[in-house]
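> Predicted model follows, preceded by the sequence.
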Number of protein chains: 2
Amino acid sequence: MAAAHYLALTGGVGGAKLALGLSRLLEPDQLRFVVNTGDDFDHLGLHISPDIDTLIYTLAGLCNTETGWGRANESWQFMTALSQLNGEDWFRLGDRDLAMHIERTRRLAAGMDLTHVIRELAGALGVRHPILPMTDDPVRTTVDTAQGELAFQHYFVRDRCAPAVTGVRFVGAEQARLSPSLSEALRDPALAGVIVCPSNPYLSIDPILAVPPLRAALTNLQVPVVAVSPIVAGAAIKGPTAKMMRELDIPNTAVEIARYYRSWIDGFILDEADRALKDEVQALGLATVVTRTVMVSLEDRVALAREALQLIDQPS
Amino acid sequence: MAAAHYLALTGGVGGAKLALGLSRLLEPDQLRFVVNTGDDFDHLGLHISPDIDTLIYTLAGLCNTETGWGRANESWQFMTALSQLNGEDWFRLGDRDLAMHIERTRRLAAGMDLTHVIRELAGALGVRHPILPMTDDPVRTTVDTAQGELAFQHYFVRDRCAPAVTGVRFVGAEQARLSPSLSEALRDPALAGVIVCPSNPYLSIDPILAVPPLRAALTNLQVPVVAVSPIVAGAAIKGPTAKMMRELDIPNTAVEIARYYRSWIDGFILDEADRALKDEVQALGLATVVTRTVMVSLEDRVALAREALQLIDQPS
């Protein structure tokens, strides 16, 4: 009999932390990652996949833990030279990181789909757990703000999330298809559960759900789906989640995240700091666990991963 | 009255040395460079223009004098990371140099022609003398060898000029047009002469002449054209000129270069080491000067440039 197999949905830095913990508990044939590509964009003629790269670098042990993005021991000669040439320098591309973007772009241009490109590039860096883009088709997260429509990276990086968000759209999602690899993962009879990593619900998880066949599959699963709250004590560990919730007139509490996900999840993990919210989350019909969700060390990542897997295996 | 104005035809490293010397004697409104683009190629999705970049970096004082190509104080983190990703790593792209290729590619993809792209990029690095690609249209030097047809950079860099050359073709040259800037330069009534820098006749100067309107203009000029021999004592200072001559059954002497050029040049500069050949070159009907052509120092470059300009102004 095949080993139980899990899917983890993830976006940026916070999600990648739990992903690393999961990868220490589950073998490559037991765990697949489904990653947001709504943040992908074309920049300087290169196809950039920020969330996928964050996960690859994290799993490969190459992540820059100071910045939270890009590669460790990075150098910036390219950026310096680019600025000298009056190139667009608001998106920082390290010298080593650039190899990933150039090789991805080259392979895509040669006709390879993103799933296969990522398999090759991640594999070259020693990553053995499958990293599956949510789709091979282009989906581009677009943020409506008080200053007008902004492509995601313009909002997130160039404008440092400063503009007030009035809405988020995933351009192309309606037409996006499941990749064969992802389709196969979702239909795997050994699938035992899904973990929703603590990523931004509106910017990292929503684009995944915006792909119609993926949404249909995830919301009709016969196995438990558990989510880890990306909000702790009303704040996000990283990124604009809490700020966006205020701008979208959603109370910035973990309960609201649980409420947002409740139609398709079965379990929810709250941080110790939000212990007082447990009853409220349970009242939504969700199996609820309170634990330490703030991941500082590798041990924190593994411990939280273990809690998530336990919640799947015993969903109360 | 407008100042006398000169054109210098140039290819790679040897040509760029004399180009630098000329740039120290003539103001930006007195000297324009016409550069071989037959060496250009698409690599890793980037448009690489080796001869143009060699000239830009040389004039900007950024040239890597150790390698003869690329930028000084270069780092190679990108190449290391590219190799790790199993990317094609036979063509070395430095971290700083990469900015040039990415910006050129981006601007070309945005619809700008190569002449304007080069004007902007060279200008950003402080180069004030106009650097004109021989055409904005694609011309690709293709080398026929004992092992079959090779794209130029595959012959030159990947295979280190090892295959024996049986012929050279300039694919696309027949359809290539003059850029407006180059057309204007050739028709300038102040044009006083043309210098053919000591570049490889078969690989750097021939592609320039292979562009039909440029060949027509250069071979019908009413002003002196003088060439500096790229062959000294039967050898090339750099590159495969002498080796190619042997393979093409051309005696590898400076006289043969003069003979090769004689239909469209008026004067020829021989190195001191080839003093014995002076009569033979003069017998071809060329005003001939013997001087030191081996350029080690900046003073050498300027001195040779002065000789070339004197030969133009007093063509015997």
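Everything's here; your move.
> Tell me the buried residues in the longest helix along chain A?
In chain A, taking DSSP state H as the definition, the longest helix is helix A:298-313. If you call a residue buried by 16 or more other Cβ atoms under 10 Å in any protein chain shown, then helix A:298-313 has these buried ones: A:Asp300, A:Arg301, A:Val302, A:Ala303, A:Leu304, A:Ala305, A:Glu307, A:Ala308, A:Leu309, A:Leu311, A:Ile312. To be clear about C-beta, it is placed using only N, CA and C from the backbone, and glycine gets the same treatment.
> Closest to A:Phe78 out of the residues you listed?
A:Arg301 (31.2 Å; Cβ to Cβ).
> Distance-wise, check that closest one relative to A:Asp51.
Between A:Arg301 and A:Asp51 the computed distance is 17 Å (Cβ to Cβ, to the nearest Å).
> one step back: pick out whichever of the buried residues of helix A:298-313 sits closest to B:Met112.
A:Arg301 (47.4 Å).
> Verify the stated contact: that closest one with A:Leu20.
Yes - taking contacts as Cβ atoms under 8 Å, A:Arg301 lies within contact range of A:Leu20: 5.1 Å.
> how about A:Asn200, what does it touch?
By Cβ atoms under 8 Å, 6 or more residues apart in numbering or on different chains, the residues touching A:Asn200 are A:Gly11, A:Gly12, A:Gly14, A:Pro230, A:Ala236, A:Gly239, A:Pro240, A:Thr241, A:Met244.
> With pLDDT and secondary structure as new columns, can these be given to me in TSV?
Putting these into TSV (pLDDT from 0 to 100; DSSP: H, G, I helix; E, B strand; the rest coil) gives the following:
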residue	pLDDT	secondary structure
A:Gly11	95	coil
A:Gly12	88	coil
A:Gly14	91	helix
A:Pro230	94	coil
A:Ala236	79	strand
A:Gly239	79	coil
A:Pro240	83	coil
A:Thr241	84	helix
A:Met244	85	helix
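> filter those residues by proximity to chain B?
The subset of these lying close to chain B, counting by Cβ under 8 Å from any Cβ of the partner chain, is empty.
> Switch the buried residues of helix A:298-313 over to CSV; also include pLDDT and distance to B:Ile56.
Formatted as CSV, the buried residues of helix A:298-313 follow (pLDDT from 0 to 100; distance: Cβ to Cβ, whole Å):
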residue, pLDDT, distance to B:Ile56
A:Asp300, 95, 51
A:Arg301, 96, 48
A:Val302, 97, 52
A:Ala303, 97, 55
A:Leu304, 97, 53
A:Ala305, 98, 52
A:Glu307, 97, 58
A:Ala308, 97, 55
A:Leu309, 97, 57
A:Leu311, 96, 60
A:Ile312, 96, 59
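> CSV please, covering those and showing distance to chain B.
Below are the buried residues of helix A:298-313 laid out as CSV (distance: Cβ to the nearest Cβ, whole Å):
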residue, distance to chain B
A:Asp300, 29
A:Arg301, 25
A:Val302, 27
A:Ala303, 32
A:Leu304, 30
A:Ala305, 28
A:Glu307, 35
A:Ala308, 31
A:Leu309, 32
A:Leu311, 37
A:Ile312, 34
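> and which of those is nearest to B:Lys278?
Using Cβ to Cβ, the shortest approach to B:Lys278 within those belongs to A:Arg301, at 78.8 Å.
> distance of A:Lys243 from A:Ala235?
9 Å.
> The two: who's more crowded?
Using other Cβ atoms under 10 Å in any protein chain shown as the criterion, A:Lys243 and A:Ala235 rank with A:Lys243 on top: 16 against 12.
> Report the buried residues of the host helix or strand of that one.
Assessed by DSSP states H and E, A:Lys243 sits inside helix A:241-247. Buried residues in helix A:241-247, counted by 16+ other Cβ under 10 Å: A:Thr241, A:Ala242, A:Lys243, A:Met244, A:Met245, A:Glu247.
> Give me the contacts around the helix or strand following that helix.
Next helix or strand after helix A:241-247 toward the C-terminus (DSSP H and E): helix A:254-261. Outside helix A:254-261, the residues that touch it by Cβ under 8 Å, 6+ apart are A:196, A:201, A:205, A:227, A:229-232, A:245, A:250, A:265, A:268, A:270-271, A:274, A:277, A:280-281, A:284, A:286, A:288.
> The same query, at a cut-off of 7 Å, please.
Contacts with helix A:254-261, where a contact means Cβ atoms under 7 Å, 6 or more residues apart in numbering or on different chains, come from A:196, A:201, A:227, A:229-231, A:245, A:250, A:268, A:270, A:274, A:277, A:280-281, A:284, A:286.
> Filter these down to just the buried residues.
A:196, A:201, A:227, A:229-231, A:245, A:250, A:268, A:270, A:274, A:277, A:280-281, A:286.
> Tell me which of those residues has the lowest pLDDT.
Confidence by pLDDT is poorest for A:Met245 among the buried ones among the contacts of helix A:254-261, given 85.
> Now for the closest residue to it other than its chain neighbours, how many residues are close by?
In this structure, A:Met245 finds its nearest non-sequential neighbour in A:Asn252, 4.0 Å apart by Cβ to Cβ, 6 or more residues apart in numbering or on different chains. Per other Cβ under 10 Å, the neighbour tally for A:Asn252 reads 19.
> so A:Glu120 sits in a helix?
Yes - with DSSP: H, G, I helix; E, B strand; the rest coil as the criterion, A:Glu120 is part of a helix.
> what's near enough to touch it?
No contacts exist for A:Glu120 under Cβ under 7 Å, 6+ apart.
> Then A:Asn36?
A:Gly11, A:Asp51, A:Met134, A:Ser204, A:Pro207, A:Ile208.
> Now with 10 Å, please.
A:9-12, A:15, A:49-52, A:55, A:133-134, A:139, A:141, A:170, A:199-200, A:203-208, A:210 (Cβ atoms under 10 Å, 6 or more residues apart in numbering or on different chains).
> which ones among the residues you listed are found in strands?
Mapping the contacts of A:Asn36 onto strands (DSSP state E) picks out A:Leu9, A:Thr10, A:Pro133, A:Thr141, A:Phe170.
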